[in-house]
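**Student:** Provided below for reference: sequence and predicted model.
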Amino acid sequence: MSERASLRAEFERGAKIQSEMAFQGKTIAVRTDRIEMAGLPPQRWDIVLHPGAVVIVPVADDGKIVLIKQWRRAISEITVELPAGTLDQKNEEVAKCAQRELQEEIGFRAEEIIPLGGFFSAPGFCTEFLHLFFRKKALLSWRSICADMAGVQIRTVRNWIIRNSKMPNTGNQ
């Protein structure tokens, strides 16, 4: 940890913090923290509280990574993504959630999935922790995507790269 980060952590551990719930939604909540540290003006932080999620890297037997292409309202863009999804309940087993998301998003069930650890998606303002999994053995039980998944397209990395000579527009290009 850098010296600056260590100092900040030490200051905040000794700070007076007042928290209030600013918003409670279906999936997320927003908590506003007011932090008062000695010798500094009060600071306000809005923290997105998220139950966590899973991300699966499903590799087909031919070595292709299976991706999904879907519309995302939050960014008003079509994205190409790994199958992923939010934990439905606070105590939902992450491996069961990973299997559920594979089934819901690409219509497959993995015979075996391997946990690869995880990471925070945006720790500067959000508590979402992403549990990462790798699909090890054959993807089983292909089924048609259910009606509520209309608009989701399944792609593989090799096919998507061949058809698209550039990466998706991220707004930074």
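**Tutor:** Noted; the coordinates are in hand. Residues are numbered from 1 along each chain as shown.
**Student:** can you name the farthest residue from the center of the chain?
**Tutor:** Outermost residue of the chain with respect to the C-alpha centroid, by C-alpha atoms, centre = their mean, is G39; its distance is 37.3 Å.
**Student:** For that residue, which residues are in contact?
**Tutor:** Taking C-beta atoms under 8 Å, 6 or more residues apart in numbering as the definition of contact, G39 has no neighbours. To be clear about C-beta, it is placed using only N, CA and C from the backbone, and glycine gets the same treatment.
**Student:** Quick check: it vs F11, distance?
**Tutor:** Using C-beta to C-beta, to the nearest Å, one obtains 9 Å as the distance from G39 to F11.
**Student:** dump the residue contacts of L49.
**Tutor:** Contacts here follow C-beta under 8 Å, 6+ apart; on that basis L49 touches 28-31, 127.
**Student:** and it, how far is that from F11?
**Tutor:** According to C-beta to C-beta, L49 and F11 sit 23 Å apart.
**Student:** Next: K69.
**Tutor:** Using C-beta to C-beta, one obtains 45 Å as the distance from K69 to F11.
**Student:** So this protein: which segments form each domain?
**Tutor:** Each domain of the chain is listed here as a residue range: 3-49, 53-163, per automatic domain parsing.
**Student:** now the strands for this structure?
**Tutor:** 16-24, 29-36, 43-49, 53-58, 66-72, 77-81, 84-86, 109-110, 113-120, 129-135, 139-140, 153-156 (DSSP state E).
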